[in-house]
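Asker: predicted model and sequence follow; I will ask about them next.
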Amino acid sequence: MRTRDTKHAAGERLIVLEGGDGAGKTTAIEQIRQFLQDRGEKVVCSREPGGTPLAEAIRQLLLDVRTEPVAAHTELLLMFAARAQHVQEFIVPQLQAGGWVLLDRFTEASYAYQGGGRGLGSAPVQWLEAFVVGSLRPGRVFWLDVPPEIGLARRQRHGTLDRMEEESLVFMQAVYTTYQERCRAFPDMYRRIDASCAQSAVIAQLLEQLQSYWGELHGNL
């Protein structure tokens, strides 16, 4: 079993995209990947829940629409079961090999969706984060800030919704509020990107922030 401890320098090469549905995380990750590859970096992209065959199987359990209600605690534990596999079998080995890891969501999503949206609060998420993720933290969390009503409208235009995407606007507002709170609480890790505007403007903001972060790290990598 691999250790969960990693050097801080490895965490600096972990970048996470967070935000509600319809925020444009997939496009943003591609822009970051291209930016880093243009500078000669090895880059891998992944998502949560998922990222390994076992974690992807858990993702299906979590997101499939089903008649049996999924208890909030069950959802949280399944999220961290998938994350445990992802961290140990993919994220940590990639970082230890000297690469950059770009993630579509990570632990901050559990604070937002299960802690905020499901009303479980931050305490169980914090405990599981310590147990599963250990000391590993992203160098940057780019939060794509889009109001829930705009994000849901964007997602609905793309067709079938999964179980999480079918949640009510009240649920999504609680998720959004938690992201706002986390962004204010962790200014060294979070960078807010206004994702309610045109895609070109979103990308311009993202690349500006990424260039700044690259400048901070370039002498140490």
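Answerer: Right, received. Where do you want to start? Fair warning: this is a prediction, and the values are worked out from it, not measured in the lab.
Asker: show the model's pLDDT score for Leu78.
Answerer: Leu78 carries a pLDDT value of 96.
Asker: next SSE downstream of the one helix or strand it maps to?
Answerer: According to DSSP states H and E, Leu78 maps onto helix 72-86. Downstream of helix 72-86, the first helix or strand assigned by DSSP H and E is helix 92-96.
Asker: could you give me the average pLDDT of that following helix?
Answerer: 96.
Asker: state the distance from the residue sitting furthest away from the middle of the chain to Pro148.
Answerer: For the chain, the residue at maximal distance from the C-alpha centroid (C-alpha atoms, centre = their mean) is Thr67, at 27.4 Å. With distances taken as C-beta to C-beta, to the nearest Å, Thr67 is found 26 Å from Pro148. Any C-beta I mention is one placed from the backbone N, CA and C, and that applies to glycine too.
Asker: just to revisit the earlier point, assign the residue farthest from the centre of the chain to helix, strand or coil.
Answerer: Following DSSP: H, G, I helix; E, B strand; the rest coil, Thr67 is assigned to coil.
Asker: from Met79, how far off is it?
Answerer: 21 Å.
Asker: how about low-confidence regions in this protein?
Answerer: Low-confidence segments of the chain (pLDDT under 70): 1-10, 151, 153-167, 219-221.
Asker: would you map the strands across it?
Answerer: Using DSSP state E, the strands found in the chain span residues 14-18, 43-47, 100-104, 140-145, 190-194.
Asker: what's the most buried one of the ones you listed?
Answerer: Neighbour counts (mean count of other C-beta atoms under 10 Å) averaged over each of those peak at strand 14-18, with a mean of 25.
Asker: that one pairs with which strands, parallel or anti?
Answerer: Partner strands and pairing direction for strand 14-18 (DSSP bridges) are strand 100-104 (parallel), strand 140-145 (parallel).
Asker: need the ones you listed in JSON lines with distance to Val170, can you?
Answerer: Putting these into JSON lines (distance: least, C-beta to C-beta, whole Å) gives the following:
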{"stretch": "strand 100-104", "distance to Val170": "24"}
{"stretch": "strand 140-145", "distance to Val170": "19"}
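Asker: Arg192: which of those is closest?
Answerer: Set against Arg192 and scored by C-beta to C-beta, those come closest in strand 140-145, at 5.3 Å.
Asker: tell me the angle the closest one makes with strand 190-194.
Answerer: 30 degrees (axes from the mean of the first three to the mean of the last three C-alpha atoms, to 10 degrees).
Asker: now the top helix by length along the chain, how far from the chain's geometric center?
Answerer: As assigned by DSSP state H, the longest helix anywhere in the chain is helix 199-217. Chain-centre distance of helix 199-217: 17 Å, with C-alpha atoms, centre = their mean, to the nearest Å.
Asker: list the buried residues of that helix.
Answerer: 202-203, 205-207, 209-210, 213 (16 or more other C-beta atoms under 10 Å).
Asker: give me the contacts around that helix.
Answerer: With contacts defined as C-beta atoms under 8 Å, 6 or more residues apart in numbering, helix 199-217 is touched by 12, 24, 27-28, 31-32, 35, 39, 139-140, 142, 144, 191, 193-195.
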